[in-house]
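> Got a sequence here, can you model it:
(chains A, B, C and D)
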Number of protein chains: 2
Amino acid sequence: MKTPNSLTKGEQTRQAIVSAAYDLVVRQGYAATSMRQIAGKAGLALGGIYNHFSSKEEVFLAILEERHPFFQMMPILDEVSGETVEEYVRNAAHTLVSQLGRHPDFLNLMLVEIVEFKAKHVPRLFEKLRPLLMPIAQHIGSRQGDLRPIPPFVLTRAFLGMFFSYYITDILFTRALSADLRKLNANAIDHFADIFLHGILLEEPA
Amino acid sequence: MKTPNSLTKGEQTRQAIVSAAYDLVVRQGYAATSMRQIAGKAGLALGGIYNHFSSKEEVFLAILEERHPFFQMMPILDEVSGETVEEYVRNAAHTLVSQLGRHPDFLNLMLVEIVEFKAKHVPRLFEKLRPLLMPIAQHIGSRQGDLRPIPPFVLTRAFLGMFFSYYITDILFTRALSADLRKLNANAIDHFADIFLHGILLEEPA
DNA sequence: ACAATAAAAACGAACGTTCGTTCATATTGA
DNA sequence: TCAATATGAACGAACGTTCGTTTTTATTGT
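Numbers count the residues shown, from 1 in each chain, chains lettered A, B, ... in the order given. Next up, the predicted model:
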């Protein structure tokens, strides 16, 4: 029979389990999320989970492999416009931070993996991430503007690292900032982009 | 009686508890560390902990307030030598990364607080950290060299953020890097410093 | 097309552990 | 001496997982 979504019943509840687990884990962490919570939120009984996953950790693995926000965020950088390096970097910076703001789960999921699993799944994830990361240096390099000689891999790291750290510090400390510091902080993202541009361009950026 | 350390017995075991809990928490995380493990490692029975702390979370709070590696790391940046901005930044970068390598617990402790406590203790910690952070911009600004107009607070964030992210990415992904990428990665810290210097200096860095 | 059959999925009680905390009691240090 | 500290058994709650059973879904035979 032709249904609106053509998933088998088993696959439907499997997805429901992963979705429920995702929401709970990014909010509470892995250890603090129980199988009963997952079952409840997914709308089935406790034991039913084990028809689809053989253990709690396997549910978490499914989250990483099938729901990692990174896979949605990174391709957006391919669409960033800008004929010159300056335009691309400034646009990409805002796009990246905006995307991070749109996917607040990204950071949580990453940190849960690091803290509670000692990053033991990172190598496998990195293989899927690498093809999404490398094009960034190409985007920058192919724009108008003469770059200092910096290895593409280092360039990519510097770019992502700078704005990731901007975002992390932002959500961590912004609440603790006094009003005056908060004001100084307002244009920090543009300052960051400017520092980065001066850092990579041979000539004064426009 | 005069002992080599003149702590009262109660204070001694209190310190032993905090030390044991620190070691376990930075290795395993908070939820995965049990009071029984702490008691065992501290060399006393389970119930004895509750003579010194009223709950598990209070033990963790003591770790944050009394053992946070940040308080040992940051003052070292005050001792970094260098007459020019270039010298100071390059030396500070290596010192910072070296300090991070010397205190691998720093990152763990920070992440545990963020993931398992949703960073709820950050505001209180920030008050103790702020006086340690602000001098960095002063160090950079007081060296020989003309700086672009960047608010000191932003400058400090950019500096720390860039090298923190370098370090985090390093320990996260280095294991997953192929041999050729690892080679490109070797001098990344100097590239980072160079990018930062070009980013903040008005004239070409030496 | 449709009953017969097999396979998949859902159920919820129960298991054995482990958890943080409490408590009555014993020991110790000032 | 007596408050401070240490003990370890005990408590109730929560955990991940297993299990026998029932119900639902998918596949087959005619």
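> Tell me where the model's unsure across chain A.
For chain A, residues meeting the criterion pLDDT under 70 lie at A:1-6, A:172-186.
> at 50 what do you get?
A:1-5 (pLDDT under 50).
> Write out the residues of it neighbouring DNA strand C.
Applying CB under 7 Å from any atom of the strand, one finds that chain A approaches DNA strand C through A:Thr8, A:Lys9, A:Gly10, A:Glu11, A:Thr13, A:Leu44, A:Ala45, A:Leu46, A:Gly47, A:Gly48, A:Asn51, A:His52. From N, CA and C alone the C-beta is placed, and that goes for glycine too.
> Okay, the second one and A:Ile17: tell me how far apart.
A:Lys9 is 13 Å from A:Ile17, where distance means CB to CB, to the nearest Å.
> So for those two, which residue has more residues nearby?
A:Ile17 (25 against 7; other CB atoms under 10 Å in any protein chain shown).
> ok now do that one, which residues does it touch?
A:Ile17 is in contact with A:Ile38, A:Ala39, A:Ala42, A:Leu44, A:Ile49, A:His52, A:Phe53, A:Val59, counting by CB atoms under 8 Å, 6 or more residues apart in numbering or on different chains.
> Now it. Nearest residue, chain neighbours left out?
Nearest residue to A:Ile17, sequence neighbours excluded (CB to CB, 6 or more residues apart in numbering or on different chains): A:Ala42, at 4.6 Å.
> what's near enough to touch that neighbour?
Applying CB under 8 Å, 6+ apart to A:Ala42 gives the contacts A:Thr13, A:Ala16, A:Ile17, A:Ser19, A:Ala20, A:Ala21, A:Ile49.
> Show me which positions of the helix or strand harbouring A:Met73 end up buried.
Here A:Met73, judged by DSSP states H and E, is contained in helix A:70-73. Neighbour counts over helix A:70-73 (16 or more other CB atoms under 10 Å in any protein chain shown) mark A:Phe70, A:Met73 as buried.
> right, quick check: the helix or strand harbouring A:Glu87 against chain B, any contact?
Here A:Glu87 is covered by helix A:85-102, with elements defined by DSSP H and E. No. Against chain B, helix A:85-102 shows no contacts by CB under 8 Å from any CB of the partner chain, the least distance being 11.7 Å.
> which residues are in contact with that helix?
If you take CB under 8 Å, 6+ apart as the criterion, helix A:85-102 is touched by A:73, A:76-77, A:80-82, A:106-107, A:136, A:139-140, A:143-145, A:147, A:159-160, A:163-164, A:166-167, A:189-190, A:192-193, A:196-197, A:200-201, A:205-206.
> Going through the residues you listed, which ones are buried?
When those are checked for burial by 16+ other CB under 10 Å, the buried set is A:73, A:77, A:80, A:82, A:106-107, A:136, A:139-140, A:143, A:145, A:159-160, A:163-164, A:166-167, A:189, A:192-193, A:196-197, A:200-201, A:205.
> Just send the residues of chain A next to DNA strand C back as JSON lines, with distance to A:Leu111 and secondary structure too.
Converted to JSON lines, the residues of chain A next to DNA strand C look like this (distance: CB to CB, whole Å; DSSP: H, G, I helix; E, B strand; the rest coil):
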{"residue": "A:Thr8", "distance to A:Leu111": "34", "secondary structure": "coil"}
{"residue": "A:Lys9", "distance to A:Leu111": "34", "secondary structure": "helix"}
{"residue": "A:Gly10", "distance to A:Leu111": "32", "secondary structure": "helix"}
{"residue": "A:Glu11", "distance to A:Leu111": "30", "secondary structure": "helix"}
{"residue": "A:Thr13", "distance to A:Leu111": "28", "secondary structure": "helix"}
{"residue": "A:Leu44", "distance to A:Leu111": "29", "secondary structure": "coil"}
{"residue": "A:Ala45", "distance to A:Leu111": "31", "secondary structure": "coil"}
{"residue": "A:Leu46", "distance to A:Leu111": "27", "secondary structure": "helix"}
{"residue": "A:Gly47", "distance to A:Leu111": "31", "secondary structure": "helix"}
{"residue": "A:Gly48", "distance to A:Leu111": "29", "secondary structure": "helix"}
{"residue": "A:Asn51", "distance to A:Leu111": "30", "secondary structure": "helix"}
{"residue": "A:His52", "distance to A:Leu111": "26", "secondary structure": "coil"}
